[in-house]
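Student: coords please:
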Amino acid sequence: NGPGGLIGVWAEENSRDSIFDALQRREVFGSSGPRIVPRFFGGWEYPANLCDSADLLEQAYAGGVPMGADLPEQVAGAPRFLVAATADAGTEASPGTPLQRLQVVKGWADSEGNHHQRVFDVAGNPDNGASVDLTSCKLQGQGYAQLCAVWEDPAFDEGIAAVYYLRALENPSCRFTAHQCLQLPEKERPADCHAPRIDPVIQERAWSSPIWYTPTG
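Tutor: Below is the predicted model of the structure:
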């Protein structure tokens, strides 16, 4: 129930041809509104300390595939994913909201065709105690300007096709309706401001295009 969203494209340059190439290879992401910037890569041999590398992106592209692509043929073990995101910094007058955590969402179908989904918290802290003061919509608690990790699927089955995507969540913040209520004098606020029908607190987010795994043989 947010007021709008954004779409981002990972293109080599800001040109029509480059943007359309990125759309065709599905190297794109969306957000619920904030300018959160996610990166998501999949491979088989990413080092655990990849986030500390100065040439992180060069290694990520060379050792795997970006969001929107199929995992290369299996080398060994379970797939490894580079997950990273940068929070929306906002402006001096309206600072952005820090990130709370990164998640990988995995989907697959069993032998009977039943679809399943599992969500993994892979970076940050879902229990960081962040909240929002509804009397002012002021953010409370700590978060992250950036998050990065290398995550390996602990439930990988090489015989089952799967799909993965990255989700980046901000700390809790006020829904736009809560801001609208605070802009009115208290005596002029409608009943929904005092007893809202929908939760006045939300968690804005961004999500990547998926990366697919298909068994070979």
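Student: pLDDT weak spots in the protein?
Tutor: In the predicted model, the chain carries pLDDT under 70 at residues 1-3, 217.
Student: one more time with 80
Tutor: For the chain, the stretches with pLDDT under 80 are 1-4, 217.
Student: surely residue 12 meets residue 25?
Tutor: No - using Cβ atoms under 8 Å as the test, residue 12 is too far from residue 25 to be in contact (11.3 Å). All C-beta atoms are positioned from the backbone trio N, CA, C, and that covers glycine.
Student: where along this protein do the helices fall?
Tutor: In the chain, helices defined by DSSP state H lie at 16-24, 56-63, 176-182, 191-194, listed in chain order.
Student: and residue 12 and residue 25? Which one has more around it.
Tutor: residue 25 (15 against 10; other Cβ atoms under 10 Å).
Student: need the contact list for the residue nearest to the more buried one when sequence neighbours are not counted.
Tutor: For residue 25, the nearest residue in space outside its immediate sequence neighbours is residue 68; the separation is 5.8 Å by Cβ to Cβ, 6 or more residues apart in numbering. With Cβ atoms under 8 Å, 6 or more residues apart in numbering as the criterion, the residues that contact residue 68 are 25, 26, 27, 28, 208, 209, 210, 211.
Student: against residue 56, how distant is residue 68?
Tutor: According to Cβ to Cβ, to the nearest Å, residue 68 stands 19 Å off from residue 56.
Student: quick one: which of the contacts of residue 68 is the most crowded by neighbours?
Tutor: Across these, the neighbour count under other Cβ under 10 Å reaches its highest value at residue 208, namely 28 neighbours.
Student: show me what that one bridges to in the sheet.
Tutor: Beta-bridge partners recorded for residue 208 (DSSP bridges): residue 29.
Student: start the count at 845 instead of 1 going forward.
Tutor: Sounds good: first residue 845 from here, last item residue 1052.
Student: just to check, it is in contact with residue 1010?
Tutor: Yes - taking contact to mean Cβ under 8 Å, the distance of 4.2 Å between residue 1052 and residue 1010 places them in contact.
Student: mutual contacts of those two, please.
Tutor: 882, 884, 911.
Student: export the residues you listed as TSV, with columns for neighbour count and distance to residue 943.
Tutor: Rendered in TSV, the data for the shared contacts of residue 1052 and residue 1010 read as follows (neighbours: other Cβ atoms under 10 Å; distance: Cβ to Cβ, whole Å):
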residue	neighbour count	distance to residue 943
882	26	10
884	29	15
911	24	18
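Student: nearest to residue 962 among these?
Tutor: residue 884 (16.7 Å; Cβ to Cβ).
Student: right, and that closest one touches residue 927 too?
Tutor: Yes - the pair formed by residue 884 and residue 927 meets the contact definition of Cβ under 8 Å, at 6.1 Å.
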